[in-house]
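In: need a 3D model of the sequence below.
(3 chains)
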Amino acid sequence: MAKWKPTPYADMFDRVRPSERFKILSLDPFVAQGRLAMAYRYFAGPVAGRFFRELRDHRRIMGIRCRTCGTVYVPPPSVCGQCFEIPTEWVEVAPRGILESYTCANYSLPVHPVSTPVIYGLVRLDGADTNLIHLLGEVDPHALRSGLEVEAVFKEERQGNILDIHYFRPLDEA
Amino acid sequence: MGDRVAIMGVGQTDHRYMRPDVNHEEMIHEAVRLALEDAGLTIRDIDTVIFDNMDLFEGHYLADAMTVDGAGMYLKPGLKMNTGGTSGGTAVATGWQHVASGLFETALVVGWQKQDASPSIGSLVTAREPLYDRELAAGAVGIFATMGLQYMQETGCREEHAALARVIMADNARKNPHAHLKLEITVEDVLASRVLVWPVRLLHMSPTSCGACALVLGSEARARKGPKTPVWIRDLETAHREVSVFRGGCVEPRPQVSAIEVAAGRLYRRNGITDPAGQIDVWELYTPSSWALFHWMELFGICEKGQAWRLVEKEAIRLDGPIPIEPSGGVVSTNPIGASGVIRVAEAALQIRKEAGERQVAKDVKTAVATAWGAGSWIVMFYLTREA
Amino acid sequence: MSDEPLEIVIPMDLRFKWSAGPHLGHFLRELREGNIVANRCPECGRLQLPPTPVCGRCHVAMGTDWVPLSTKGTVISYSFVVDPMYDAGIGDMRPVPYTIAAIVLDGGPDVAFFHRLEEKDPEKVRVGMRVEAVFRPPGKRQGLMEDIIHFRTID
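Out: Residues are numbered from 1 along each chain as shown, chains lettered A, B, ... in the order given. From the prediction side, this is the model:
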């Protein structure tokens, strides 16, 4: 903890490229294109922080159990919304589970992590009571069905975010 | 007026420059849990949740959606407020309206900001009209610079007086365990701090803080059953000025209408307050810069126009003085913006309960005024009392 | 396992379209021609700068009673911006120091016009000083506030 320092603001803003303030698109009616270029930081907090460190450093998917209602949440929340209790009991869940539902985006947006088709799956990992949303890979979208067994494929280079899991792929096709 | 509404519970975090140890939801949860404990209630006793922060300051749209569980909003009715600097005040006012209407018996009000996400100036200038205003806008500092300059020119107030006001607020903040800046400073220190926008120096401005504050409001029937002395929100008032382009700022050449004067006038008339300085025992004004304090004191009718700096010079605003102002250390010591308006009400309530610890004022507090101030001279004003 | 905080930095660079509308649009087109124009409230006679659609006090449509103002005026308040500040409009730090002033233009006593002063010396800026707008050359103007470089001191 002693050697850790937050990123200085100057370094945050170095990631934004300066340019013109406005481009006039039309004079009458007067329409201009403006810009809002900012950099923000987010601290994950202790619960999400542990989840992502386990993922990054140990390829482990961790859940957390609420002692009051017994629900095992993956990913883990700081507070159980139903009980308003702070869950403290960490449990490792399997890197495989059941595909509960799925969908496929056939259009491209800058925020999409992969090119089209973007296949999303809702995965109930073995040992978890909640569903994790993630990408599906190595799969024909037309061959998908609910109830399929899937497993996590981890990236070799992991950075501490949800895409340290590359995607989930069907077990029986692996 | 609607049904009587009391403050049943108060909770706030310790406010800090940075909270790298927690995310938004975890920080909010700290305050919510404390407020519920203080009110002797559980989340199941809460009928509605009113939530506020300044969107965009953390770089999140719908920050409330990320924090539902920690804020206790899960499956509850409620609203999200976002009215700039007044957000916290607006949230308390909305909570009051929900209970005063008789539709809800209890309301949880949650205000917060986590300003370690980015320098807030970048988000703040987006409040300005982009083509006409934004290029020249220097954030809130410029507003207080023009206020300060104008005040010095018109009244004989000098930089030393604003510096003394800042020192008094710092002295109070050191007695408040929740305060962000607990500075040991002298008038000389303030005058030696670097100029941001003259005459506003670094020490004249509120810090960027992380923190949350929560209140539990209850109907009379519920509040009388609670473990703590109910503090009554006897009345509240809001007023806005015109559209906030530069002409809506503080330097119109003609004498301007002040939203603060209008709101205070209406609230005082309804409550038979003819001598605010004599009838209000403690003031938690939303003072983002020590240069704003003089204007606020005069616009709220604490003294005649041009006289506020003399009261400060006499140190009448100290904890043991006749007109204690900002006993918590004020917004210049602690400013998690979305929480700041809620903190003003919470601190005023603690004064009435006589639970303010070292920062408790010497007077016997029966009445208090708490305010929030923000964009375009928008004002929310609360009148709190010990007697129902 | 390390318990250091997990921090992520998220750069955002968003573009937005802004329609100035007929009143501010007229002002900006006139600015491009080197003119500063206000409009007048038909009810109270007060000027608005920049021109606006509605008089906030009278709640009536301001209309198109355009009033050209002089590009000369008097400083009624000013300040010096010396602290470096990030400007999200350009994605960079804004150059400092600069002097900002509220200027009452000749012919428009109701409203203050905000812009930079050429003069950066705190000893030489005062309330009541006379100033004049310095425009960019006609071909370089776009219809933005930047079309005025600054206000220079005149006698």
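
In: leaving out the residues flanking it, which one is nearest to C:Phe135?
Out: The shortest distance from C:Phe135 to any non-neighbouring residue, by CB to CB, 6 or more residues apart in numbering or on different chains, is to C:Gly34 (5.1 Å). All C-beta atoms are positioned from the backbone trio N, CA, C, and that covers glycine.

In: for the one you found, give me phi and psi.
Out: phi 90, psi 20 (degrees, to the nearest 10).

In: and the longest strand for chain A?
Out: For chain A, the strand with the greatest residue count under DSSP state E is strand A:31-43.

In: and the contacts of the helix or strand following it?
Out: As assigned by DSSP states H and E, the chain's next helix or strand after strand A:31-43 is helix A:45-58. Residues outside helix A:45-58 that contact it (CB atoms under 8 Å, 6 or more residues apart in numbering or on different chains): A:44, A:60-62, A:64, A:75-78, A:90, A:158-162, A:164-165, B:21-23, B:25-26, C:1-3, C:5-6.

In: so which of those residues sit within strands?
Out: Using DSSP E, the contacts of helix A:45-58 in strands are A:61-62, A:64, A:90, A:165.

In: just the buried ones out of those, please.
Out: For the ones in strands among the contacts of helix A:45-58, a burial check counting by 16 or more other CB atoms under 10 Å in any protein chain shown picks out A:61-62, A:64, A:165.

In: just send these back as a markdown table, with distance to chain B too.
Out: Formatted as a markdown table, those follow (distance: CB to the nearest CB, whole Å):
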| residue | distance to chain B |
| --- | --- |
| A:Ile61 | 20 |
| A:Met62 | 17 |
| A:Ile64 | 12 |
| A:Ile165 | 21 |
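
In: CSV for those residues, including distance to chain C and pLDDT?
Out: What follows is these, written out as CSV (distance: CB to the nearest CB, whole Å; pLDDT from 0 to 100):
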residue, distance to chain C, pLDDT
A:Ile61, 15, 98
A:Met62, 11, 98
A:Ile64, 15, 98
A:Ile165, 16, 97
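
In: hmm, which two among the residues you listed are most spread apart?
Out: Farthest pair in these (CB to CB) is A:Ile64 and A:Ile165. Separation: 17.7 Å.

In: avg pLDDT for the helix or strand hosting B:Ala165?
Out: Assessed by DSSP H and E, B:Ala165 sits inside helix B:159-173. Averaged over helix B:159-173, pLDDT sits at 98.

In: does chain C have contacts with the helix or strand that comes right after that helix?
Out: Where DSSP H and E defines the elements, the next helix or strand beyond helix B:159-173 is helix B:187-192. No. Using CB under 8 Å from any CB of the partner chain, helix B:187-192 never reaches chain C; the gap is at least 15.0 Å.

In: in helix B:187-192, which residues are buried?
Out: B:187, B:189-190.

In: of those, just say which sits nearest to chain C.
Out: B:Val190 (16.0 Å; CB to the nearest CB).

In: OK, contacts around the closest one?
Out: B:162-163, B:166-167, B:201, B:203-204, B:290.

In: can you count the residues close to B:Val361?
Out: Residues lying near B:Val361 (other CB atoms under 10 Å in any protein chain shown) number 22.

In: need the contact list for it.
Out: B:Val361 touches B:281-282, B:319-320, B:324, B:327, B:351, counting by CB under 8 Å, 6+ apart.

In: go with 7 Å
Out: B:282, B:319, B:324, B:327, B:351 (CB atoms under 7 Å, 6 or more residues apart in numbering or on different chains).

In: again with B:Asp45
Out: B:Thr106.

In: can you tell me how far it sits from chain A?
Out: As for B:Asp45, its distance to chain A is 11 Å (criterion: CB to the nearest CB, to the nearest Å).

In: what distance do you get for that residue to chain C?
Out: Taken as CB to the nearest CB, the span from B:Asp45 to chain C is 34 Å.

In: partners of the helix or strand of chain C at the bottom of the mean pLDDT ranking in the sheet?
Out: Ranked by mean pLDDT, DSSP states H and E, the weakest helix or strand in chain C is strand C:85-87, scoring a mean of 86. Sheet pairing of strand C:85-87 (DSSP bridges) gives strand C:92-94 (antiparallel).

In: A:Ala152 sits in which helix or strand?
Out: Assigned by DSSP H and E, A:Ala152 falls in strand A:149-154.

In: kindly export that strand (C-alpha atoms) in CSV.
Out: Provided in CSV are the C-alpha atoms of strand A:149-154 (Å, rounded to 0.1, in the frame of the first residue of the first chain):
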residue,chain,number,x,y,z
GLU,A,149,-22.5,-26.3,-21.0
VAL,A,150,-19.8,-23.6,-21.4
GLU,A,151,-16.4,-22.9,-20.0
ALA,A,152,-14.3,-19.8,-19.6
VAL,A,153,-11.3,-19.2,-21.8
PHE,A,154,-8.8,-16.9,-20.1
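
In: tell me what that strand is packed against?
Out: Secondary-structure packing of strand A:149-154 (3 or more CB pairs under 7 Å, 6 or more residues apart in numbering or on different chains; DSSP states H and E): strand A:96-105, strand A:165-170.

In: got the contact list for the helix or strand that the first one is followed by?
Out: By that I understand strand A:96-105. The C-terminal neighbour of strand A:96-105 among helices and strands, as given by DSSP H and E, is strand A:118-125. The contact list for strand A:118-125 (CB under 7 Å, 6+ apart) reads A:61, A:74, A:93-94, A:97-105, A:112, A:131-136, A:139, A:141, A:150, A:168.

In: drop anything exposed from these.
Out: Buried, going by 16+ other CB under 10 Å: A:61, A:74, A:93, A:97, A:99, A:102, A:131-132, A:134-136, A:139, A:150, A:168, out of the contacts of strand A:118-125.

In: give the next helix or strand downstream of the host helix or strand of B:Leu217.
Out: B:Leu217 is part of strand B:210-219 when elements are defined by DSSP H and E. Beyond strand B:210-219 on the C-terminal side, the first helix or strand identified by DSSP H and E is helix B:220-225.

In: now for that following helix, which elements pack on it?
Out: Helix B:220-225 packs on strand B:5-12, going by 3+ CB pairs under 7 Å, 6+ apart.

In: strands paired with the strand it packs on, and their directions?
Out: Here, using DSSP bridges, strand B:5-12 pairs with strand B:210-219 (antiparallel), strand B:231-239 (antiparallel).

In: list the contacts of the spatially closest residue to A:Lys155 that is not a sequence neighbour.
Out: Closest residue to A:Lys155 apart from its sequence neighbours, by CB to CB, 6+ apart: A:His166 at 4.9 Å. With contact set as CB under 7 Å, 6+ apart, A:His166 has these partners: A:137, A:153-155.

In: got CSV for those residues, with pLDDT too?
Out: Shown next, in CSV, are those (pLDDT from 0 to 100):
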residue, pLDDT
A:Gly137, 95
A:Val153, 97
A:Phe154, 97
A:Lys155, 97
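
In: spatially nearest residue to residue 22, not counting backbone neighbours?
Out: This is for chain A. A:Ala32 (4.7 Å).

In: actually chain B
Out: B:Val22's closest residue in space is A:Gly45 (CB to CB, 6+ apart), at 4.7 Å.

In: what count of nearby residues applies to the one you found?
Out: A:Gly45 has 21 nearby residues by other CB under 10 Å.

In: quick revisit: contacting residues around the strand holding A:Ala152?
Out: Taking CB under 7 Å, 6+ apart as the rule, strand A:149-154 contacts A:59, A:61, A:95-99, A:121, A:123, A:137, A:164-172, A:174.
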